[in-house]
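Engineer: from the sequence below, what's the structure:
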Amino acid sequence: MQNVTPIYLCLFGLLFFTIVTAFAQSENEKPNIILIYVDDMGYNDLGCYGAIDPGIKTPNIDLLAAKGIRFTNYLSASNVCSPSRGAVLTGRYPQRNGLPVTPGPNDRPGFDLWNEHVGLPLSEITVAELLKSQGYATAAFGKWHLGKMDGFGPRQQGFDEYIGRLHNFHIGRAGTWYHNEDPVDEIKFSQAHQKLTDATIDFMERQQQNDKPFFIYLAHYLVHGPWSPNKEFCTPDEWASYQEKKGKMNPKIFPAMVRELDYHVGLVLQKLEELNIGKETMVILASDNGPWLPAGSAFPFSGGKYQTQEGGHRVPAIIRWPAGIPAEQVSDQLVSALDILPTIAAATKTLLPTDRKYDGYNLLPMMSGKEKLSPRKEFAYYNGLTLEAVRQVDWKLHLPRDPDLTASCVYWAKRRNKKLAAPMLNNLQSDKAEKIALDDQKKINELEAMAEIYREELGDWNRNGTNRPKSTYPGNLNTREVVVEK
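Structural biologist: The predicted model follows:
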């Protein structure tokens, strides 16, 4: 035995060294991150979410969900485009980060909020800035909608490269296409999707050659209007309907736009596998807000875009990361777009700055199975600067409101929202459509007290909050260093 012992010790030491080395390598490896942000996709607009429209077929996105976690209780931070995008990139409520409404032309009479809030303040720290400080290559491809290029462009918010059109496309008209700050072409809506896919694939290939981790914010124009799918994704009836409507609101051709989106998502996922980096890449797919009804569906929820009913905020959200979370998960835990930044920070071992308050939580313990419950227990539903509802797990209280007094940026919100004279309490577990007003005064009082805390901090249509920028324009346009705890 004396002669054998050194052999065992040697083998044990080799095994120990191998384990420690592998652990150190896994600790040092940084996952790639792809955040796919879809425009105006409702809760019921994907196959894996039980789409009731038979024309919706999404095999690539369904497979993405099957290999990761699909959330059934994910809330966008806003029911309209720009605030939701600013929130997912900063991990902070739009009312806190200085962009509670969609930026406007800052010269439109009667749109005071548009004229005041014209971009995501540069004092905000985006996911791209956090990851760039950790050695990541960063890119934004697609819809920006967080301010004009001059003053609020992607490359001033931490992105190394930008390709896309800053805003939406207009019906029947070409729009300016940018590479970084330079306009390079005039293209139509139907041409944009392939360009975004090509840019994404090219960026991935370059970073693999550079042996550098990457973060890609892929913000599709699909499935927002103009309702103009490419012919190869349409049935003959859908194509005929498109030619008749010429890009105007058209629920009949909406499934074709969803199928087109699925095709492009599939190309990106396929390239990850071809590059052999699928396992270590975290792919996040979510919608910015609910559907622009009547195109799309939020079933079984009520409401849609511009509204604080669940249909305006509860949207599809999927995360796949084979190296970090188990596959085949479906979670009904309450989570939010606000949780994306802290979760990415945790996955990349990036410490969050300590000079500001974050409204999101790290979801990795729950997604990995270490914890069963979400750290999120409540949520505030704002419409512009107006607090319209609050939620505590399954309990939701709609607050009294008058659309004429709503501090919102768009007339659509006022047109779609009805006057509410008294608080309305719903339980979303038993009443997904928010139709049954419950008479539980104790719970109403509890949620009203919670709403007052949000008002005190983030404000309301008639009051400023203690932690909300008074103005973002003319705002602080000075650049700043990212303050990260060491």
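
Engineer: quick one, phi/psi of residue 42?
Structural biologist: Backbone torsions for residue 42, taken as degrees, to the nearest 10, come to phi -80, psi 170.

Engineer: just residue 386 next, same as before
Structural biologist: phi -100, psi 120.

Engineer: can you check the one 10 residues further on too?
Structural biologist: The phi and psi values for residue 396, taken as degrees, to the nearest 10, are phi -130, psi 130.

Engineer: kindly report the same for residue 206.
Structural biologist: phi -70, psi -40.

Engineer: who's in contact with residue 231?
Structural biologist: By C-beta atoms under 8 Å, 6 or more residues apart in numbering, the contact list for residue 231 reads residue 239. Every C-beta, even on glycine, is put in place using the N, C-alpha and C of the backbone.

Engineer: which residues in the stretch 301-450 of the chain form helices?
Structural biologist: 310-313, 340-347, 364-367, 411-416, 441-458 (DSSP state H, counting those that start in this stretch).

Engineer: correct me, but residue 89 touches residue 344?
Structural biologist: No - if you go by C-beta atoms under 8 Å, residue 89 and residue 344 don't touch, sitting 10.3 Å apart.

Engineer: which neighbours do these two have in common?
Structural biologist: Residues touching both residue 89 and residue 344 (C-beta under 8 Å, 6+ apart) are residue 127.

Engineer: with neighbour numbers in mind, choose between those two.
Structural biologist: A direct count of neighbours by other C-beta atoms under 10 Å for residue 89 and residue 344 places residue 89 higher, at 28 against 24.

Engineer: once you drop chain neighbours, what's closest to the more buried one?
Structural biologist: residue 126 (4.5 Å; C-beta to C-beta, 6 or more residues apart in numbering).

Engineer: burial of that neighbour, as a residue count?
Structural biologist: 28.

Engineer: got a list of what it touches?
Structural biologist: Per C-beta under 8 Å, 6+ apart, neighbours of residue 126: 89, 90, 120, 157, 158.

Engineer: again, 10 Å this time
Structural biologist: 86, 88-91, 97, 120, 132, 138, 140, 146, 154, 156-159, 215, 217, 341, 482 (C-beta atoms under 10 Å, 6 or more residues apart in numbering).

Engineer: how about residue 315?
Structural biologist: 38, 40-43, 45-46, 49, 71, 74-76, 79, 84, 286-291, 298, 301, 337.

Engineer: where are the low-confidence patches of this protein?
Structural biologist: For the chain, applying pLDDT under 70 flags the ranges 1-28, 104-117, 405-417, 469-486.

Engineer: what's the domain layout of it?
Structural biologist: Domain ranges of the chain: 1-30, 31-377, 380-458, per automatic domain parsing.

Engineer: so which of these is the most packed in?
Structural biologist: Highest mean neighbour count among those (mean count of other C-beta atoms under 10 Å): domain 31-377, with a mean of 20.

Engineer: any idea how far residue 327 is from residue 317?
Structural biologist: 16 Å (C-beta to C-beta, to the nearest Å).

Engineer: re the thing from before, which one of the domains of the chain lies nearest to residue 467?
Structural biologist: Closest approach to residue 467 among the domains of the chain is made by domain 380-458 (4.9 Å; C-beta to C-beta).

Engineer: now do the end-to-end distance for that closest one.
Structural biologist: Length of domain 380-458, first residue to last, C-alpha to C-alpha, to the nearest Å: 10 Å.

Engineer: check the offset of it from the chain's centre.
Structural biologist: Offset of domain 380-458 from its chain centre (C-alpha atoms, centre = their mean, to the nearest Å): 22 Å.

Engineer: and for stretch 69-82?
Structural biologist: With C-alpha atoms, centre = their mean, you get 7 Å for stretch 69-82.

Engineer: still on that earlier bit, redo the domains of the chain as JSON lines? Include distance to residue 464.
Structural biologist: Shown next, in JSON lines, are the domains of the chain (distance: least, C-beta to C-beta, whole Å):
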{"stretch": "domain 1-30", "distance to residue 464": "40"}
{"stretch": "domain 31-377", "distance to residue 464": "10"}
{"stretch": "domain 380-458", "distance to residue 464": "9"}
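
Engineer: can you map out the strands along the stretch 351-486 of the chain?
Structural biologist: 378-383, 386-392, 395-398, 424-427 (DSSP state E, counting those that start in this stretch).

Engineer: pull the residues that contact the last one.
Structural biologist: In this case it means strand 424-427. Strand 424-427 is contacted by residues 302, 309-310, 389, 391, 393-400, 431-441, 443-444, 447-448 when judged by C-beta under 10 Å, 6+ apart.

Engineer: can you rerun that using 8 Å?
Structural biologist: 394-398, 434-440, 443-444, 447.

Engineer: so what strands line up beside it?
Structural biologist: Sheet pairing of strand 424-427 (DSSP bridges) gives strand 395-398 (antiparallel).

Engineer: who's in contact with residue 185?
Structural biologist: Residue 185 sits in contact with 176, 177, where contact means C-beta under 8 Å, 6+ apart.

Engineer: ditto for the one 4 residues further on
Structural biologist: For residue 189, the contact set (C-beta under 8 Å, 6+ apart) comprises 169, 175, 221, 226, 228, 247.

Engineer: any idea how far residue 84 is from it?
Structural biologist: Distance from residue 189 to residue 84, by C-beta to C-beta: 20 Å.

Engineer: next one: residue 146 from residue 153, what distance?
Structural biologist: As for residue 146, its distance to residue 153 is 9 Å (criterion: C-beta to C-beta).

Engineer: and if you look at residue 33?
Structural biologist: 21 Å.

Engineer: before we move on, what about residue 179?
Structural biologist: 12 Å.

Engineer: go on, residue 164?
Structural biologist: Distance from residue 164 to residue 153, by C-beta to C-beta: 11 Å.

Engineer: list residues touching both of those two?
Structural biologist: In contact with both residue 164 and residue 153: residue 144, using C-beta under 8 Å, 6+ apart.

Engineer: I figured residue 262 hits residue 59, correct?
Structural biologist: Yes - counting by C-beta under 8 Å, residue 59 is a contact partner of residue 262 at 6.8 Å.

Engineer: which neighbours do the two have in common?
Structural biologist: With C-beta under 8 Å, 6+ apart, residue 262 and residue 59 have no common neighbours.

Engineer: state the distance from residue 41 to residue 230.
Structural biologist: Taking C-beta to C-beta, one finds residue 41 at 18 Å from residue 230.

Engineer: let me see the contact set for the residue lying closest to residue 88 once chain neighbours are set aside.
Structural biologist: Using C-beta to C-beta, 6+ apart and skipping the chain neighbours, the partner closest in space to residue 88 is residue 337 (4.4 Å). By C-beta under 8 Å, 6+ apart, the residues touching residue 337 are 74, 75, 76, 77, 84, 87, 88, 286, 317.

Engineer: many thanks, have a good one.
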